[in-house]
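Undergrad: model this:
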Amino acid sequence: MLRTLARETLRAGTATCFSLGHRAGLVAVDPAPVQFVIEPQDWAIRRVGESVRDGANAARPGTVATTTEPLRIFDRIVHFGSQYMWLAWRRHMARSNRYVTSFLHGKPEDGPDVARHIKEFLASVPDLARIVASNGIVEQRLRAWGVPTEKLVRIPLGVDTRLFVPVDPAARAAARLRFGVPEGHVCIGSFQKDGVGWGDGMEPKLIKGPDLFVEAIAQIHRQQPVFVLLTGPARGYVKQGLERHGVPYRHEYLDDYHGLTACYHALDLYLMTSREEGGPLAIMESMASGTPVVSTRVGMGPDLIVDGVTGGLVDIDADALAAGALTLLARGDLEPLVAAAREAVMVADWRRIAEQHLELVYRPLL
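TA: Below is the predicted model:
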């Protein structure tokens with residue numbers, strides 16, 4: 001009965017909609033034909049969903065809405081922001097929907113829990129209309145696992161290239177002053193969540209490479225003075241490691257995502273040390289902001305970075321990360337690299353990414 005009433009609710013006018021919804025104990029669903037399921041936390045999946053929503057609606061108003069409560073949805077295209085969310089909700093969802101999920105990252109070698117998750121995901125593929133891979137590594141992996149080509153779409157994560165922009169030397173000096181970067185120190189950034197849970201983060205989330213970050217920074221610090229700027233939750237393991245090696249740092253937990261722009265402008269280098277990634281957003285934000293980045297060969301790193309041309313691309317190894325960072329920092333003129341990185345990352349501007357979601361994922365299913 002609830003499902004029947006919900007379908008009537010979606011097809012009814014506003015007054016009838018609320019009447020039927022109250023009778024069934026439901027809340028009215030946004031009438032947009034595409035519902036993008038995001039996390040309640042203000043972190044990457046939420047930002048991706050909201051950016052796709054805003055970009056898609058700018059091109060085709062009323063097409064996409066975001067929600068954290070997918071159980072209320074019937075007769076819609078439902079896009080889950082990650083494969084983990086899809087698997088958590090799928091058994092409770094209405095059969096009248098068509099389903100899409102983004103597959104961000106993961107491989108059986110990451111551990112037994114991830115291996116079980118991937119096995120369950122592959123079993124769920126018949127229930128999915130489209131699977132969005134965020135990078136070439138994941139796309140090739142899904143093909144090798146037997147995901148049908150007609151269901152697979154590769155669309156990068158995106159970046160707001162109007163928000164993240166290069167600034168002049170005076171603005172960079174102001175940002176360094178704001179965050180207390182000592183004179184004569186190289187400022188290296190890490191703006192991610194790399195601890196388990198949402199607390200202090202003393203247990204490292206090793207897939208994000210916090211141990212590699214600490215060791216690489218220690219090696220760089222032995223060559224020249226380093227100051228580390230951190231943002232994001234659960235950074236306790238990294239902070240403890242930096243203290244152990246005598247590396248000064250500042251951890252700035254931001255309430256407003258827009259505040260990240262000043263953080264990037266304070267940096268001499270962004271260091272991305274993950275062992276597995278879907279993006280991350282930080283690679284693109286750095287490149288758009290005019291901040292050189294050195295990344296491990298994971299996620300979107302190989303898709304966007306040409307080693308020595310648009311950034312540094314290295315093996316998943318602390319020695320390689322330190323060497324890559326020192327090589328980049330030793331270059332006298334980084335302006336050509338910074339300009340090339342900005343040009344390269346424009347392919348991931350959110351306006352283009354939203355358009356690709358519309359044309360390659362949603363429009364064929366509408």
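Undergrad: Just read off the phi/psi values of E69.
TA: phi -130, psi 80 (degrees, to the nearest 10).
Undergrad: Which segments of this structure make up each domain?
TA: 32-158+350-365, 169-348 (automatic domain parsing).
Undergrad: okay if I get those as JSON lines plus mean pLDDT and mean neighbour count?
TA: Just so you know, the C-beta spots here come from the backbone N, C-alpha and C atoms, and that holds for glycine as well. Formatted as JSON lines, the domains of the chain follow (pLDDT from 0 to 100; neighbours: other C-beta atoms under 10 Å):
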{"stretch": "domain 32-158+350-365", "mean pLDDT": "96", "mean neighbour count": "18"}
{"stretch": "domain 169-348", "mean pLDDT": "96", "mean neighbour count": "19"}
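Undergrad: Who are the packing partners of the host helix or strand of N57?
TA: With elements delineated by DSSP states H and E, N57 resides in helix 44-59, which encompasses its position. Packing partners of helix 44-59 (3 or more C-beta pairs under 8 Å, 6 or more residues apart in numbering; DSSP states H and E): strand 34-37, strand 64-67, helix 281-289, helix 350-356.
Undergrad: and the angle for that helix with helix 281-289?
TA: An angle of 50 degrees separates the directions of helix 44-59 and helix 281-289 when computed by axes from the mean of the first three to the mean of the last three C-alpha atoms, to 10 degrees.
Undergrad: quick one, what contacts L242?
TA: L242 makes contact with 214, 217, 228, 248-249, according to C-beta atoms under 8 Å, 6 or more residues apart in numbering.
Undergrad: Identify those among those residues that sit within helices.
TA: With helices identified by DSSP state H, the entries of the contacts of L242 that belong to them are 214, 217.
Undergrad: can you give me the strands for the chain?
TA: For the chain, strands defined by DSSP state E occupy the ranges 34-37, 64-67, 77-80, 98-103, 130-133, 152-154, 186-191, 226-231, 249-251, 269-272, 293-296, 312-314.
Undergrad: could you pull out the helices for the stretch 201-350 of the chain?
TA: Remark: helices assigned in the stretch 201-350 of the chain by DSSP state H, counting those that start in this stretch are 210-223, 236-244, 260-265, 281-289, 301-304, 318-330, 335-345, 350-356.
Undergrad: how far is the first one from where the chain is centred?
TA: By that I understand helix 210-223. When C-alpha coordinates are averaged (C-alpha atoms, centre = their mean, to the nearest Å), helix 210-223 and its chain have centres 24 Å apart.
Undergrad: Kindly report the same for the fourth one.
TA: From the chain centre to the centre of helix 281-289 is a distance of 11 Å (C-alpha atoms, centre = their mean).
Undergrad: now for it, which elements pack on it?
TA: With contacts defined as 3+ C-beta pairs under 8 Å, 6+ apart, the packing partners of helix 281-289 are helix 44-59, strand 186-191, helix 260-265, strand 269-272, strand 293-296, helix 301-304, helix 335-345.
Undergrad: helices or strands up against the third one?
TA: So the one you mean is helix 260-265. On a contact count with 3+ C-beta pairs under 8 Å, 6+ apart, helix 260-265 meets helix 169-178, strand 186-191, strand 226-231, helix 281-289.
Undergrad: at 6 Å instead, please
TA: helix 169-178 (3 or more C-beta pairs under 6 Å, 6 or more residues apart in numbering; DSSP states H and E).
Undergrad: Return the alpha-carbon coordinates of the helix it packs on using CSV.
TA: What follows is the C-alpha trace of helix 169-178 in CSV, where atoms were taken according to Å, rounded to 0.1, in the frame of the first residue of the first chain:
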residue,chain,number,x,y,z
PRO,A,169,52.4,36.7,-5.1
ALA,A,170,50.9,39.2,-2.7
ALA,A,171,47.9,37.0,-2.1
ARG,A,172,50.1,34.0,-1.6
ALA,A,173,52.2,36.0,0.9
ALA,A,174,49.0,36.9,2.8
ALA,A,175,47.8,33.3,2.9
ARG,A,176,51.2,32.2,4.3
LEU,A,177,51.0,34.9,6.9
ARG,A,178,47.5,33.9,7.9
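Undergrad: which residues touch it?
TA: Applying C-beta atoms under 6 Å, 6 or more residues apart in numbering, the external contacts of helix 169-178 come out as 262, 265-266.
Undergrad: Tabulate the residues you listed in JSON lines, adding columns for distance to L128.
TA: Listed next are these as JSON lines, based on distance: C-beta to C-beta, whole Å:
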{"residue": "A262", "distance to L128": "40"}
{"residue": "H265", "distance to L128": "40"}
{"residue": "A266", "distance to L128": "42"}
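Undergrad: Closest to W89 out of these?
TA: For W89, the nearest member of the contacts of helix 169-178 is A262. The distance, counting by C-beta to C-beta, is 36.7 Å.
Undergrad: one step back: can you tell which of the helices of the stretch 201-350 of the chain is closest to E39?
TA: Of the helices of the stretch 201-350 of the chain, nearest to E39 by C-beta to C-beta is helix 281-289, at 14.0 Å.
Undergrad: Contacts made by that closest one with the rest, please.
TA: For helix 281-289, using C-beta under 6 Å, 6+ apart, the contacting residues are 44, 157, 159, 161, 164, 191, 264, 270, 272, 293, 295, 300, 341, 345, 348.
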